[in-house]
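Chemist: Based on what follows, work out the 3D shape:
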Amino acid sequence: MDGKSSKLLPHLVVVASATRVDAIESALRRPGRFDSEIEVTVPTAEERFEILKLYTKNLHLGECVDLQSVAASCNGYVGADLQALCREAARRAYGRLSSSSESENVLTLIMEDWESAKSVAKNSVTRGVTKEIPAVSWDDIGGLKAVKKKLQQAVEWPIKHAASFDRLGISPIRGVLLHGPPGCSKTTLAKAAAHAAQASFFSLSGAELYSKYVGEGEALLRRTFQMARLASPSIIFFDEDDAIAPKRTGPSGNSSGNATVGERLLSTLLTEMDGLELATGIIVLAATNRPNAIDAALLRPGRFDMVLYVPPPDAEGRYEILRIHTRKMPLGDDVDLWKAAERTELFTGADLEGLEGKSEAALRSLRPSLTQSVVDEYSNAAIHGPLTRRKH
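Modeler: Numbers count the residues shown, from 1 in each chain. From the prediction side, this is the model:
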């Protein structure tokens, strides 16, 4: 590239492509060799729509098919992924046509074909990193109306109405910390927020980040944030955040002068969250039972901008939780859920879900269709404790 041939052939241009640009020898990346570097990023929702239109121009789409809706739900999909999605949707439509008794001459793709194809043709950029978005809606969480409203404003609105935020000059919240007693639906709230926003969902816990190999946890943390940028809009969720970012006490490092694993993870997390100022569509959620154990550097504006307390449900909240957990159970006329809610003061959502009375009520409804011996065996297992229960 430095030789005379480059001067004798002024119309010769060298073009190269790479998936890992950092792995290229730096001598090649100086001016006079590769003068210009162009990053080909993951397509946006509008670009995905244009790609889908190209791949479906020879397919017959039903009137119910909304390609813009399909494109909006394909966060992190690149062109090859979208091509595979179209191919899989056509395969599902052909299978449906072959098994149908109705005579159809034209292979028509309907919206169900696209939804079914998405379960097979997933995006390759974040494969093995993202979690499936849990099918948890706001209606599946009883009570906590004020907390749910604030989470909607902080998580769902900036992702769904990003253009309006830009127009009004509003900076979205970068991080939300949920804290409260165990069993008060902190993790479920984070899942509901991800489901409502239809964002890519990344979930990490302390057990995944603490490794016996030096630097492995920090590398996983950096890789997760990198993948979140590629698959934006996305949500990064840290469960038990006090284990990932513990409060620093005294001089940094141990007796040998080396930083502890927790300090290295905290330093990496602080750096990555500061880098989100230049990114769009990425929100960090965290849950903890011990907010006082989290380092104060994480709680300043620009990192965890919002700190929400998730309290135990009040009487109205407990009634809604009981109603949600019993909505698929046949209840007798003498069942008064409101009275049960009043008698369960200080019960959390997890306590209400695990009420033995609820399981016993469901068991009674099965008695007419089960033999008495099977019922007695189940009842004895429930009485004798968790080990016996697991065996049965």
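Chemist: how far out from the middle of the chain is the host helix or strand of Trp157?
Modeler: Taking DSSP states H and E as the criterion, Trp157 maps to helix 157-160. Averaged C-alpha coordinates place helix 157-160 at 15 Å from its chain's average position (C-alpha atoms, centre = their mean, to the nearest Å).
Chemist: now that helix: mean pLDDT?
Modeler: Mean pLDDT, computed over helix 157-160, is 84.
Chemist: Show me what that helix is packed up against.
Modeler: Packed against helix 157-160 by the contact rule (3 or more C-beta pairs under 8 Å, 6 or more residues apart in numbering; DSSP states H and E) you find no helix or strand. For every residue, glycine as well, the C-beta is placed using N, CA and C.
Chemist: List the buried residues for the following helix or strand past it?
Modeler: Per DSSP H and E, the first helix or strand lying C-terminal to helix 157-160 is helix 162-168. The neighbour-count check on helix 162-168 (16 or more other C-beta atoms under 10 Å) flags Phe165 as buried.
Chemist: Check stretch 137-156 too.
Modeler: Buried residues in stretch 137-156, defined by neighbour count with 16+ other C-beta under 10 Å: 138, 140-144, 147-148, 151-152, 154-156.
Chemist: mind putting the residues you listed in TSV, distance to His60 and secondary structure included?
Modeler: Putting those into TSV (distance: C-beta to C-beta, whole Å; DSSP: H, G, I helix; E, B strand; the rest coil) gives the following:
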residue	distance to His60	secondary structure
Trp138	37	helix
Asp140	37	helix
Ile141	41	coil
Gly142	45	coil
Gly143	48	coil
Leu144	46	coil
Val147	47	helix
Lys148	42	helix
Leu151	42	helix
Gln152	39	helix
Ala154	42	helix
Val155	38	helix
Glu156	35	helix
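Chemist: Of these, which is the nearest to Val176?
Modeler: Ala154 (5.4 Å; C-beta to C-beta).
Chemist: Tell me who's in contact with that closest one.
Modeler: If you count contacts by C-beta atoms under 8 Å, 6 or more residues apart in numbering, Ala154 has them with 172-173, 176, 283, 306.
Chemist: how does it look with 7 Å?
Modeler: Ala154 makes contacts with 173, 176, 306, as judged by C-beta atoms under 7 Å, 6 or more residues apart in numbering.
Chemist: does Cys64 really touch Met111, like I thought?
Modeler: Yes - here Cys64 reaches Met111: they are 5.0 Å apart, a contact under C-beta atoms under 7 Å.
Chemist: related to what we said a few turns ago, and which of the buried residues of stretch 137-156 is nearest Val125?
Modeler: Nearest to Val125 among the buried residues of stretch 137-156, with distances taken as C-beta to C-beta, is Val155, at 22.0 Å.
Chemist: And for the closest one, nearest residue in space, chain neighbours not counted?
Modeler: Of all residues not flanking Val155 in the chain, Ala193 sits nearest, at 4.3 Å (C-beta to C-beta, 6 or more residues apart in numbering).
Chemist: what do you get for Ala350?
Modeler: Spatially, and ignoring its direct neighbours in sequence, Ala350 is nearest to Gly183 (3.1 Å; C-beta to C-beta, 6+ apart).
Chemist: Please apply the same query to Asn123.
Modeler: Gly76 (4.0 Å).
Chemist: What is the burial count for the one you found?
Modeler: Gly76 has 24 neighbours, counted by other C-beta atoms under 10 Å.
Chemist: And the strands in the stretch 51-200 of the chain, which stretches?
Modeler: 60-61, 108-109, 175-179, 200-205 (DSSP state E, counting those that start in this stretch).
Chemist: Centre-most residue in this protein?
Modeler: In the chain, the C-alpha nearest the mean C-alpha coordinate belongs to Phe201, at 1.8 Å (C-alpha atoms, centre = their mean).
Chemist: name the helices or strands packed onto the lengthiest helix in the chain?
Modeler: Counting by DSSP state H, the longest helix found in the chain is helix 79-99. Helix 79-99 is packed against helix 45-55, strand 108-109, helix 111-118, with contacts defined by 3 or more C-beta pairs under 7 Å, 6 or more residues apart in numbering; DSSP states H and E.
Chemist: chain center to stretch 183-201, what's the gap?
Modeler: The chain centre lies 7 Å from the centre of stretch 183-201; the measure is C-alpha atoms, centre = their mean.
Chemist: Render the CA-only coordinates of that stretch in CSV, please.
Modeler: Taking C-alpha atoms only, stretch 183-201 is exported to CSV below (Å, rounded to 0.1, in the frame of the first residue of the first chain):
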residue,chain,number,x,y,z
GLY,A,183,-40.7,-10.7,47.9
CYS,A,184,-42.1,-7.3,47.0
SER,A,185,-42.0,-7.9,43.2
LYS,A,186,-38.9,-5.9,42.4
THR,A,187,-37.7,-8.4,39.8
THR,A,188,-41.2,-8.8,38.4
LEU,A,189,-41.5,-5.0,37.9
ALA,A,190,-38.3,-5.0,35.9
LYS,A,191,-39.6,-7.9,33.7
ALA,A,192,-42.9,-6.1,33.2
ALA,A,193,-41.1,-2.9,32.2
ALA,A,194,-39.0,-4.8,29.6
HIS,A,195,-42.1,-6.5,28.2
ALA,A,196,-44.0,-3.2,28.0
ALA,A,197,-41.1,-1.4,26.2
GLN,A,198,-40.4,-4.4,23.9
ALA,A,199,-36.7,-3.9,24.4
SER,A,200,-33.9,-6.3,24.3
PHE,A,201,-33.5,-7.7,27.8
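Chemist: what's that stretch in contact with?
Modeler: Outside stretch 183-201, the residues within contact range by C-beta under 7 Å, 6+ apart are 73, 75-76, 126, 130-131, 133-138, 140-141, 144, 147, 151, 155-156, 159-160, 178, 180, 228, 231, 233-235, 237, 239, 285, 287, 310-312, 348-351.
Chemist: and the protein, what are its domains?
Modeler: The record's domain parsing of the chain by automatic domain parsing lists 45-118, 138-309, 318-391.
Chemist: All set, thanks.
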